[in-house]
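# Got a predicted structure here, sequence first:
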Amino acid sequence: MTLKPDPNAADAAPETMFADHPLLPAPRRSHPPRVVLGALAALLVAAVIAATGALGGGSGRARSSGAVQQAGAGAGRSSGAMAPLPTPRPKLVQPVAGQSSESAAESLPADAGIAASDDTSTPKVTGPATVSPRGKVGSVGVSNLSASKATALENGVALPPLEAPETVLNVIRAGNIIARSPYKWGGGHGRFKDNGYDCSGSVTYALYYAGLIDGPHTSGDLMAYGKPGKGRWITIYANPGHVWMQVAGIRFDTSGQRATGSRWQNEIRSGGGYEVRHPAGL
């Protein structure tokens, strides 16, 4: 087949000369530049709108998530944990006779009695906690109490000093056991557990109880007892006919029992005519 050109298309462009020939495919037509630019602009606008929608949706989701978290935190606080309390700032108000607490508070400066948050000082003592009178010691028969001196009480026993050695305390305890026992000549010599005691039986009973002597002794034996001279806590006065001793400043003596009913007395008698001895170390 021979292709014949269209005689009316002499001035046509070569690519359009055979445009209407039935055996040839339709030629490609290029789009005008304005159409292409318009399409690109439309695509760009669509892309911007899509991006804006995505950002808006993300922020909306973030806001929704934040709201959920805040709601959960509020529920947690309401169910258990409490919000911290404010720092207390107490105000000290001194009461005034005839004045109510409100008016007394108003009369003070605005910062009166307000403690700083780091103030750990304690208030100073300005007076006694009470003005009630103290009980009199004499009402129970005790007077002139001392840390180193005993006291013979009205009931016949001795109150030991606070700072006496344990050995001295034991002598006083033993003396209290027999302090009001009756006088019995020879009592306490055959056995320490007796129904009465004489002078030497009484002294050796108390010394034996404290571990200061090996057993009962007569007053004559005690003239050579221990160390010569007065002791700091215990001093023994002995002669062939009588013996007594001074313990922590008070007297243990059967001769005073006639007046007091007890071997303990606060009054100290003269030591003239007696050998003066004391336990070693006391």
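Okay, I see it. Numbering: from 1, shown residues only.
# contacts and neighbour counts: CA atoms only from here.
Will do.
# any idea whether residue 87 is helix, strand or coil?
When the structure is reduced to helix, strand and coil (DSSP: H, G, I helix; E, B strand; the rest coil), residue 87 reads as coil.
# helix, strand or coil for residue 271?
If you use three-state DSSP, then residue 271 falls in the coil class.
# And it, how close does it get to residue 44?
Distance, residue 271 to residue 44, using C-alpha to C-alpha, to the nearest Å: 131 Å.
# quick one: contacts for the spatially closest residue to residue 218 that is not a sequence neighbour?
Taking C-alpha to C-alpha, 6 or more residues apart in numbering, and ignoring the residues beside it in sequence, residue 218 has residue 200 as its nearest neighbour in space, at 5.4 Å. The neighbourhood of residue 200, defined by C-alpha atoms under 8 Å, 6 or more residues apart in numbering, consists of 216-219, 242-244.
# can you check residue 206 too?
With the criterion set at C-alpha under 8 Å, 6+ apart, residue 206 makes contact with 170-175.
# I'd guessed residue 279 sits against residue 231; true?
Yes - the pair formed by residue 279 and residue 231 meets the contact definition of C-alpha atoms under 8 Å, at 7.1 Å.
# per-residue pLDDT, residue 255?
At residue 255, the pLDDT value in this model is 89.
# same question, the one 5 residues further on
At residue 260, the model reports a pLDDT of 80.
# any weak-confidence spans in the stretch 101-250 of the chain?
When residues are selected by pLDDT under 70, those of the stretch 101-250 of the chain lie in 101-145.
# Let's see that with 50 instead.
Scanning the stretch 101-250 of the chain for pLDDT under 50 picks out the ranges 101, 104-105, 108, 112-123, 125, 128-142.
# can you give me the strands in it?
Per DSSP state E, counting those that start in this stretch, the stretch 101-250 of the chain carries strands over the ranges 151-152, 158-159, 227-228, 234-238, 243-247, 250-252.
# which stretch among those strands comes nearest residue 211?
Among the strands of the stretch 101-250 of the chain, strand 234-238 comes nearest to residue 211, with 13.5 Å by C-alpha to C-alpha.
# Mind listing the strands the closest one pairs with, and their directions?
Partners of strand 234-238 in the sheet, by DSSP bridges, are strand 243-247 (antiparallel), strand 275-278 (antiparallel).
# Would you mind extracting the C-alpha trace of that strand into CSV?
Taking C-alpha atoms only, strand 234-238 is exported to CSV below (Å, rounded to 0.1, in the frame of the first residue of the first chain):
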residue,chain,number,x,y,z
ILE,A,234,32.3,2.6,159.8
THR,A,235,33.9,3.2,163.2
ILE,A,236,33.7,0.8,166.2
TYR,A,237,34.0,1.9,169.8
ALA,A,238,34.8,-1.0,172.1
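# which other residues reach that strand?
In contact with strand 234-238 (C-alpha under 8 Å, 6+ apart) are residues 168, 219-220, 222-223, 229-230, 243-248, 271, 274-279, 282.
# mind redoing it with 6 Å?
219, 223, 243-247, 274-278 (C-alpha atoms under 6 Å, 6 or more residues apart in numbering).
# cool, and stretch 250-264?
Taking contacts as C-alpha under 6 Å, 6+ apart, the residues outside stretch 250-264 that touch it are 152, 156, 179-180, 199, 244-245, 265-266, 268.
# Selection in PyMOL covering whichever of the residues you listed are buried, please.
In PyMOL syntax, the buried subset of the contacts of stretch 250-264 is picked out as below (16 or more other C-alpha atoms under 10 Å):
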select buried, resi 152+156+179+180+199+244+245+265
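# Can I get the contacts of stretch 250-264 in CSV including distance to residue 254?
Listed next are the contacts of stretch 250-264 as CSV, based on distance: C-alpha to C-alpha, whole Å:
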residue, distance to residue 254
152, 14
156, 12
179, 9
180, 10
199, 6
244, 8
245, 10
265, 10
266, 13
268, 13
